[in-house]
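Novice: Any chance you could fold what I've pasted below:
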Amino acid sequence: MKGKDIYTNVVMAGFGGQGLMFIGKLLAYSAMTRGLNVTWIPSYGPEMRGGTANCTVVISDEPIGSPLISTPDSLIIMNNPSLEAFEPKLKAGGLLFINSNLVTRTLERKDIKLIAIPANDAAANAGEKRAANMVMLGAYVATTGILTGEDIANGFENFFGAKSNYLEANMKAFDQGIKYAQACVPCS
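Specialist: Residues are numbered from 1 along each chain as shown. Just a heads-up that it's a prediction; the model follows:
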């Protein structure tokens, strides 16, 4: 993947406890193990669980000048308040991934590409109802092609080591996200 002028960024947002920090770290770590430059910036609301939470991940094959992003290339949105906060910031032509089980508000913009994934249902079908975050990561990776499923699986195993007994369930959910994203093209 190196040498292809890689640069992308994504903001992942939802409620605390939905695993957005986890998939942000996993994406960043997996890209780093591929030799790419990464930044990961978390942001929490005042509550740790149930409050707002988001993170920004930047991936590049060149040094990253600033981890701050004012107009993200992509958004992964898990709830209505996050859609309200971040939809206006997404760049024109950007990718908007929403968890359609929880995001019920209609989009205000017509200049972005919507990928609506029923992440909670897909995670339950994969056997791990808490893995809606991994479903969304699978959809993101499948759509952008920034990494492969193998990169994510390797990153998961290397980063979490002793916790890798969760690998199978999480990767099943990740694969569900890939399937939904492939069936969705083009969604909007």
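Novice: Can you give the strand pairings for whichever strand or helix holds residue 53, parallel or anti for each?
Specialist: According to DSSP states H and E, residue 53 maps onto strand 52-60. Strand 52-60 has its sheet partners listed here by DSSP bridges as strand 7-15 (antiparallel), strand 37-44 (antiparallel).
Novice: Work out the gap between that strand and the centre of the chain.
Specialist: Chain-centre distance of strand 52-60: 9 Å, with CA atoms, centre = their mean, to the nearest Å.
Novice: contact partners of the following helix or strand past it?
Specialist: Later in the chain than strand 52-60, the nearest helix or strand by DSSP H and E is strand 74-77. Contact partners of strand 74-77, identified using CB atoms under 8 Å, 6 or more residues apart in numbering, comprise 8-14, 20, 23, 83, 86-87, 90, 94-99, 103, 136-137, 140, 144. Where you see a C-beta, it was placed from the backbone N, CA and C, and this is true even at glycine.
Novice: Check which residues of strand 74-77 are buried.
Specialist: Residues of strand 74-77 classed as buried by neighbour count (16 or more other CB atoms under 10 Å): 74, 75, 76, 77.
Novice: which one of those residues is nearest residue 180?
Specialist: Residue 180 lies nearest to residue 76 out of these, by CB to CB, at 13.2 Å.
Novice: what about that closest one, distance to residue 128?
Specialist: 18 Å (CB to CB, to the nearest Å).
Novice: residues touching residue 51, list them.
Specialist: Neighbouring residues of residue 51 by CB under 8 Å, 6+ apart: 15, 16, 44, 45.
Novice: Bridged to residue 116, which residues?
Specialist: Counting by DSSP bridges, residue 116 is bridged to residue 98.
Novice: ok, how many other residues are close to it?
Specialist: 18 (other CB atoms under 10 Å).
Novice: Does it touch residue 98 like I think?
Specialist: Yes: assessed by CB atoms under 8 Å, residue 116 is found in contact with residue 98 at 5.3 Å.
Novice: Please identify which of the strands paired with strand 52-60 is closest to residue 28.
Specialist: Closest approach to residue 28 among the strands paired with strand 52-60 is made by strand 37-44 (4.1 Å; CB to CB).
Novice: now whichever strand or helix holds residue 135: mean pLDDT?
Specialist: Using DSSP H and E, residue 135 maps to helix 132-144. In this model, helix 132-144 has a mean pLDDT of 97.
Novice: now stretch 66-83
Specialist: For stretch 66-83, the per-residue pLDDT averages 95.
Novice: just use 342 as the starting number from now, easier for me
Specialist: Taking 342 as the first residue, the last one we looked at is stretch 407-424.
Novice: can you tell me the distance between the two ends of it?
Specialist: Taking CA to CA, to the nearest Å, stretch 407-424 runs 24 Å from one end to the other.
Novice: Also stretch 408-417?
Specialist: By CA to CA, the extent of stretch 408-417 from end to end equals 17 Å.
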